[in-house]
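Student: Quick one: sequence plus predicted model below, questions after.
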Amino acid sequence: MRVALVVPNSKLSLNTSCPPLNFGYLASYLRENSNVDVKIFDGAVTKNIEKNILNWNPNIAGLTATTPLAQESYKLSDTLRENKIYTIMGGVHPSCLPSEAIEHCNCVIIGEGETVLLELVKNHFPGITRFFSNKKKIIHGKPILNLDTIPSPAYDLLDIEAYMKTTDNPSQAFPFGLKHARLGSLITSRGCPWKCIFCHNSFRSTPPRWHSANRVVDEVTYFIEHYNANSIFFVDDEFAVNKKRLKEISVLFKEYGIDKKIVWGCQARATTLDYETMKLMKGCGCKFVSVGFESANQRVLSLLKNNTITVKQNEQVLLDAKHAGMMVGGSFIFGTPTENKKEMLETLAFMENHDELAFMGVNVIIPYPFTKVWEICMENGLLPKKLDYTKLVPTSNANNTYVVCNTMNEKEFKKLVNDIQRIASVTQKIRLIYKSSKMPLRDFVGLFKHKFYWHFAVKHPLRLWNLFRKVIQK
């Protein structure tokens, strides 16, 4: 029997720094517990996915669908069904809107898919017999509580090399500053204990779970030995919240010399980071932590994060990071319903006034289905009845998504946020120069080979002058 696991092709410019590890886990789980032939078709790095799948002629096709990819997934699934291939859909979007997704496939899996997919393969598709039933199913997957019982992802089925090429530029999202970066992306947990209103975790009831420290060491060692990785980014929603495991990882990284072989980074929440934690992380090779600061206005921050954090705590993290020698990046969200221009400018001021920020990610709020933001938008008529899911894509460009800010007109909002993005981009680039460059004046002048910086100089001369002063004071 043949099972195809499919990421559809897309015209969208999506983050391609991380391979589809969800399919890697599904594939390894199927291979360990059955005798099926599994193949991953990754449309993010391979063209003509539809043709390749039909040529392979699988019995079953399992398609993933994040919201931006939903329309492409539906279209591909319809085609595969027409060719007598039993189609299963899973992922965040079908889990939110199963009644919509089932119109385009034979089966929808809500939640985690390992055990359900195995059951479908064993019980409904014995041997190599095709299953052409028109009966449709919506099934809830049960979470696996002990993640170490799931074998490591089937890396051999993924084009890991395509994902290891990263920009050698410390101002990017992975600022390791390596001359020849070979970046591996790993996920070592599932779920998140927090319920931020813009995140899909806000409507999930499954508990957060973690791979053991020993399993983390095994995964990192594999990337070092098989792919010559010199840097790792942990894409867990919250890597540092399990302090016991973090301490165990620190001990093992030093014991096996991993801290000397790679540098690594992760995502973490300000409330889980303090001086001691960051000092511990830095001591075992961590160079960069990405923190979701979201807003510097307390009202907006409380709304986004359910009154679980303060602006003062966010500021304290930056101070502690400076003392610990940790590089910090921050992500910020603009355009939340009820957020006004004054509140957005407070966040911009926070970004500009904190030199500790090595990276600043400017994001427009995206109302993903069934999040609290989605509900607010629906209640206030801020979204059209018929949605184009390709516009619900993570972006810093307000022209590429739905504007749900209801305190200013759309044109004014787009102009403001696009300008904030330009300010952040130039600021972090020049900030990198005066912090890291051996010839800062030369590198600063070199920026003006690009028209982008001339436009910035004309529009924001005072901002440029203040940044220049820091360059020449070095």
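Tutor: Done, it's in.
Student: Would you point out which residue is most central in this structure?
Tutor: residue 235 (6.6 Å; Cα atoms, centre = their mean).
Student: who's in contact with that one?
Tutor: 18, 21, 185, 186, 187, 267 (Cβ atoms under 8 Å, 6 or more residues apart in numbering). C-betas here are computed from N, CA, C, even on glycine.
Student: So, low pLDDT: which residues of the stretch 51-200 of the chain?
Tutor: For the stretch 51-200 of the chain, applying pLDDT under 70 flags the ranges 124-135, 165-177, 179.
Student: those helices in it, which residues are they?
Tutor: 70-82, 92-96, 98-101, 114-124, 160-164 (DSSP state H, counting those that start in this stretch).
Student: got the buried residues for the first one?
Tutor: Going back to what we said before, that points to helix 70-82. 70, 71, 72, 73, 74, 76, 77, 80, 81 (16 or more other Cβ atoms under 10 Å).
Student: ok, residue 219 - contacts?
Tutor: So residue 219 contacts 152, 186, 188, 211 (Cβ under 8 Å, 6+ apart).
Student: correction: residue 401
Tutor: Residue 401 touches 364, 366, 391, 392, 393, 395, counting by Cβ under 8 Å, 6+ apart.
Student: Highest neighbour count among those residues?
Tutor: When neighbours are taken as other Cβ atoms under 10 Å, the top entry among the contacts of residue 401 is residue 364 (26 neighbours).
Student: Please tell me the pLDDT value assigned to it.
Tutor: pLDDT recorded at residue 364 is 97.
Student: from memory it sits against residue 399, does it?
Tutor: No: assessed by Cβ atoms under 8 Å, residue 364 is found out of contact with residue 399, at 9.5 Å.
Student: now the strands: where do they sit in the stretch 301-450 of the chain?
Tutor: Applying DSSP state E, counting those that start in this stretch to the stretch 301-450 of the chain gives strands spanning 327-334, 357-364.
Student: Among the helices of the stretch 51-200 of the chain, which comes closest to residue 384?
Tutor: In terms of Cβ to Cβ, the element of those nearest to residue 384 is helix 70-82, at 14.8 Å.
Student: tell me what that closest one is packed against?
Tutor: Judged by 3 or more Cβ pairs under 8 Å, 6 or more residues apart in numbering; DSSP states H and E, the packing partners of helix 70-82 are helix 49-56, strand 60-64, strand 86-90.
Student: That helix vs helix 49-56, what angle?
Tutor: Counting by axes from the mean of the first three to the mean of the last three Cα atoms, to 10 degrees, helix 70-82 lies at 20 degrees to helix 49-56.
Student: re earlier: ok, so of the contacts of residue 235, who is nearest residue 94?
Tutor: The closest of these, once distances to residue 94 are taken by Cβ to Cβ, is residue 21, at 18.3 Å.
Student: For burial, what's the neighbour tally of that closest one?
Tutor: 18.
Student: residues in contact with it?
Tutor: 153, 158, 185, 186, 187, 235.
Student: now do 10 Å
Tutor: Applying Cβ atoms under 10 Å, 6 or more residues apart in numbering, we find residue 21 in contact with 152, 153, 154, 155, 158, 163, 185, 186, 187, 235.
Student: ok, of the residues you listed, which one's closest to residue 259?
Tutor: Using Cβ to Cβ, residue 186 is the member of the contacts of residue 21 that sits closest to residue 259, with 15.8 Å.
Student: My guess is the closest one contacts residue 227. True?
Tutor: No: counting by Cβ atoms under 10 Å, residue 186 does not reach residue 227; the two are 11.5 Å apart.
Student: More neighbours: these two, which one.
Tutor: Using other Cβ under 10 Å, the more surrounded residue of residue 186 and residue 227 is residue 186, with 23 against 16.
Student: so that one bridges to which residues?
Tutor: Counting by DSSP bridges, residue 186 is bridged to residue 234.
Student: Now do the domain split for the chain, please.
Tutor: What automatic domain parsing lists as the domains of the chain is 2-140, 166-473.
Student: Off-centre distance for the last one?
Tutor: The chain centroid and the centroid of domain 166-473 are separated by 10 Å, computed with Cα atoms, centre = their mean, to the nearest Å.
Student: likewise the first one?
Tutor: Centroid separation between domain 2-140 and its chain, computed with Cα atoms, centre = their mean, is 21 Å.
Student: end-to-end on that domain?
Tutor: For domain 2-140, the first-to-last residue distance is 23 Å (Cα to Cα, to the nearest Å).
Student: swap in stretch 437-455?
Tutor: 24 Å.
Student: And for stretch 376-386?
Tutor: OK, stretch 376-386 end separation, Cα to Cα: 17 Å.
Student: outside of that stretch, which residues touch it?
Tutor: 197, 303, 336-338, 365, 367, 369-371, 373-374, 391-392, 402-406.
Student: now swap in stretch 429-445 and tell me
Tutor: In contact with stretch 429-445 (Cβ under 10 Å, 6+ apart) are residues 169-171, 175, 177, 327, 352, 354-360, 446-447, 452-453, 456, 463-464, 466-474.
Student: which among those end up buried?
Tutor: Those of the contacts of stretch 429-445 that meet the buried threshold are 170-171, 175, 177, 327, 352, 354, 356-360, 447, 453, 456, 463-464, 467-468, 470-471, by 16+ other Cβ under 10 Å.
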